[in-house]
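Peer 1: predicted model, plus sequence, below.
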Amino acid sequence: MPTRTDTHTGAITLDNGEVPAIRFDKVEKRFGDHIVLHDLDFTVRKGDRVTLIGPSGSGKTTILRLVMTLEEANAGYILIDGKPLTHVERDGKRVELKEKHRNEMRKRIGMVFQQFNLFPNMTVLENIIEAPVHVLKTPKDKAVARAHELLEMVGLPDKADAHPTQLSGGQQQRVAIARALAMEPEILLLDEVTSALDPEVVGEVLNILRDVARNTDVTMLIVTHEMQFARDVSNRVMMFDGGRIVEEGSPEKIFTDPQEQRTKDFLAAVL
Ligand code: ADP
Ligand code: MG
């Protein structure tokens, strides 16, 4: 997709005037000598629901962690809402942006992990209002009111005062989804959010995410092994292997008529 770049800010616009939600531009990520992502390029449009599939170790989590700024790329550029996330190119050099900028950018992004990662010493309500109150500076009464709405939405209206340890895995994950949504993110990153759950509660978590997809225009990057869910919610699937995109397309195309042998082998193993 051709783009226009503002030479001062590094901000980009696509040729059709659209500002992409996420853009990877020749992103390289290494851990030591091990190159995990190779010159990775892709663009996610606003409102897209993109599922990342591929074998373990292919780089899916790393991509999400880069967007969340939990990891930093070694080369290349990541743009969120058309703006550089951590680095910008100036006079041909890769320049790191200030921590303050990074924090501003991070506010637009929510992430839910495989291991719920709730704050164990806080109640459910405190978990949900923590970031809105301390990061967004939302007045506490407003954050509390919104938290109750979100708990209603995830089917846990009576758990506000519970501690995470008193909840089942499925309930904790529903709180984690509410906590991510409390930041009103423009981008929601979901990393195998049902993989640590007992099979009988997987459906309830996926149904909540189906509702989120249906009722909001949040851009979603989804890593999942739940292929039916991927077909239901995503409009695009990217198949990764060894830190590279093997092929991409609509869920219908990738799941029913994959072109690449590696995709066929992967789907045969997981479906
Ligand atoms: P996936 O989510 O597709 O299973 P990951 O993004 O977790 O893959 O991992 C991609 C590769 O990067 C793997 O080879 C993994 O071992 C390696 N890797 C991920 N995180 C680290 C880390 N913190 N230190 C060293 N290697 C890592
Ligand atoms: Mg992973």
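Peer 2: Right, received. Where do you want to start? Ligands and ions are numbered 1, 2, ... in the order given.
Peer 1: phi, psi of residue 204?
Peer 2: Note on residue 204: backbone dihedrals following degrees, to the nearest 10 are phi -70, psi -40.
Peer 1: can you give me the strands in this protein?
Peer 2: Counting by DSSP state E, the chain has strands at residues 3-5, 12-14, 22-31, 34-44, 49-53, 75-80, 83-84, 87-90, 93-96, 109-112, 187-191, 219-223, 236-241, 244-249.
Peer 1: of all the ones you listed, which lies closest to residue 118?
Peer 2: Closest approach to residue 118 among these (C-beta to C-beta): strand 109-112, 10.7 Å. Any C-beta I mention is one placed from the backbone N, CA and C, and that applies to glycine too.
Peer 1: re earlier: let me have the strands of the chain in a markdown table, extended by mean pLDDT.
Peer 2: Listed next are these as a markdown table, based on pLDDT from 0 to 100:
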| stretch | mean pLDDT |
| --- | --- |
| strand 3-5 | 79 |
| strand 12-14 | 87 |
| strand 22-31 | 97 |
| strand 34-44 | 96 |
| strand 49-53 | 98 |
| strand 75-80 | 97 |
| strand 83-84 | 96 |
| strand 87-90 | 92 |
| strand 93-96 | 94 |
| strand 109-112 | 96 |
| strand 187-191 | 98 |
| strand 219-223 | 98 |
| strand 236-241 | 98 |
| strand 244-249 | 97 |
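Peer 1: dump these to TSV, plus mean neighbour count.
Peer 2: What follows is the strands of the chain, written out as TSV (neighbours: other C-beta atoms under 10 Å):
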stretch	mean neighbour count
strand 3-5	15
strand 12-14	17
strand 22-31	19
strand 34-44	17
strand 49-53	25
strand 75-80	20
strand 83-84	21
strand 87-90	17
strand 93-96	11
strand 109-112	24
strand 187-191	23
strand 219-223	24
strand 236-241	22
strand 244-249	17
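Peer 1: what does the chain have sitting close to ligand 1?
Peer 2: By C-beta under 6 Å from any ligand atom, the residues of the chain that approach ligand 1 are 31, 36, 54, 56-62.
Peer 1: pull the most distant pair out of the residues you listed.
Peer 2: Maximum pairwise distance in those, criterion C-beta to C-beta, is 17.5 Å, between 31 and 54.
Peer 1: still on that earlier bit, what subset of the residues of the chain next to ligand 1 is buried?
Peer 2: Buried by 16 or more other C-beta atoms under 10 Å: 36, 54, 58-62, out of the residues of the chain next to ligand 1.
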